[in-house]
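Asks: Structure for the following, please:
(chains A and B)
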Amino acid sequence: MKKLSLLAAGLIASAGAFAGAADQVTVQDPYVRLAPPNAPATGAFMVIRNAGDKDVKVVKADNPVSRVTELHTHLNEGGVMKMRPVPAIDVKAKGEAVLKPGGLHVMLIDLKAPMKEGDTVPLTLTFDDGSTKKVDAKVVKPTAAPAPMEHKH
Amino acid sequence: MTEVSETLLKIVAALLAVLVAGLALLWHPEPPERPLPRAALPPGGDFTLQSAAGPVSLHDYRGKLVLIYFGYTYCPDICPTSLAATAEGLKLLAPEELARVAMLFVSVDPERDTPARLKEYAEFFHPVIVGATATPAEIDEVARRYGVFHAKQKVDTAGDGYVVDHTSDTYVVAPDGRLVARIAHATPPDQVAAAIRKHLNPT
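Replies: Below is the predicted model of the structure:
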């Protein structure tokens, strides 16, 4: 019985994952860019929207297809694009963060197996209050205009 | 009209002309395709690299317009973004235009990129693209002549612990072998096609 309640407590704790920041956040058009042959890494892109009154931060991302998942951005320094890890992606209250090629993105590093077009990659985003959100990102071929729809407010 | 006011008018006209010339010289809104002023043009020039099909030299393509992109297969985002846009630009060309265009994907990461690996990677974007590389010293030399910046950057979690920062423009070499322009990173396909046509059919 004790064990059972422990299990229940554990379940409740993980259920707690969908309270908090994750509740006020929606994710639009998540996708993973199909990695070209021999490329060991690729990016995931999406628009993260915060309907709440408090700023939230995405502090971590996870996925089962790559060994490492990181949050990255690009700095354009005189035509040289420099990719750098970032500790968090800020999503302002009533605002959004646009993750797109050449900018902020979730990096899937050291892919465990080649992916193919149409596959789905479950991504788990963790917010600064510990809550999490799972999104299913479709694998799409690289195109010239792969940026998710940008909504100007 | 008096002579004095005529002189004044001439002075004003001359000043205006200087202003217009000055503006034309100094005011450059950044176009997606940047024709390089003669003086600022890196020398470019011939080189020989190794592809999966053997040695490949720039002069092999004399008579064709050659696009050159310097990148690497471990490149997580920038290279696929650039190459996808350029490949779609190539697809907008008529077959007779495409027949006069070549493209090289030159790896600035020869330690990890073999010619075989580069071939598969480049052809994934467009069958016209030839992947090639050389020894690190040779790549450094070519990069210098084309004004390409590239530097290893330690990133612990990246494959083998580093990424390579690099210039992400696409270089345009005219059919006579001269470096004539750069196309900025992620230029939309229609503008890529326009840039190619401009240098394919110089007026």
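Asks: count of neighbours near A:Val25?
Replies: Residues contacting A:Val25 under the criterion other Cβ atoms under 10 Å in any protein chain shown number 22. Where C-beta positions appear, they are placed from N, C-alpha and C, glycine not excepted.
Asks: residue contacts, the nearest residue to it once chain neighbours are set aside?
Replies: Nearest residue to A:Val25 in three dimensions, chain neighbours excluded: A:Asn50, at 5.5 Å (Cβ to Cβ, 6 or more residues apart in numbering or on different chains). A:Asn50 makes contacts with A:24-25, A:56, A:91-96, as judged by Cβ atoms under 8 Å, 6 or more residues apart in numbering or on different chains.
Asks: if you set the cut-off to 10 Å instead, what comes out?
Replies: Applying Cβ atoms under 10 Å, 6 or more residues apart in numbering or on different chains, we find A:Asn50 in contact with A:21, A:24-26, A:56, A:90-97, A:127.
Asks: Can you pull the phi/psi pair for it?
Replies: Per-residue torsions, A:Asn50: phi -110, psi 110 (degrees, to the nearest 10).
Asks: pLDDT of stretch A:22-39, averaged?
Replies: Mean pLDDT, computed over stretch A:22-39, is 94.
Asks: again with stretch B:120-131
Replies: Average pLDDT, stretch B:120-131: 96.
Asks: hey, where'd the helices end up in the chain?
Replies: I'll assume chain A. Taking DSSP state H, the helices of chain A run over residues A:2-15, A:21-24.
Asks: The intended chain is chain B.
Replies: Under DSSP H, chain B gives helices at B:3-26, B:78-91, B:95-98, B:115-125, B:136-145, B:189-200.
Asks: Just say which of these is most tucked in.
Replies: A comparison of the helices of chain B by mean neighbour count, using mean count of other Cβ atoms under 10 Å in any protein chain shown, puts helix B:78-91 on top with a mean of 24.
Asks: quick one: that one to helix B:189-200, angle?
Replies: If you take axes from the mean of the first three to the mean of the last three Cα atoms, to 10 degrees, helix B:78-91 sits at 70 degrees to helix B:189-200.
Asks: tell me the mean pLDDT for helix B:78-91?
Replies: Helix B:78-91 shows a mean pLDDT of 94.
Asks: Dump it to CSV, restricted to CA.
Replies: Output of helix B:78-91 as CSV, limited to C-alpha atoms (Å, rounded to 0.1, in the frame of the first residue of the first chain):
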residue,chain,number,x,y,z
ILE,B,78,23.2,27.6,-42.0
CYS,B,79,24.4,25.4,-44.8
PRO,B,80,21.1,23.5,-45.3
THR,B,81,19.3,26.9,-45.2
SER,B,82,21.6,28.4,-47.8
LEU,B,83,21.9,25.4,-50.0
ALA,B,84,18.1,24.8,-50.0
ALA,B,85,17.5,28.4,-51.2
THR,B,86,20.2,28.2,-53.8
ALA,B,87,19.0,24.8,-55.0
GLU,B,88,15.4,26.2,-55.4
GLY,B,89,16.9,29.1,-57.4
LEU,B,90,18.6,26.6,-59.7
LYS,B,91,15.3,24.8,-60.2
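Asks: so does that helix get close to chain A?
Replies: Yes: using Cβ under 10 Å from any Cβ of the partner chain, helix B:78-91 reaches chain A at B:78-89, B:91.
Asks: which ones are touching B:Pro202?
Replies: B:174-176, B:180.
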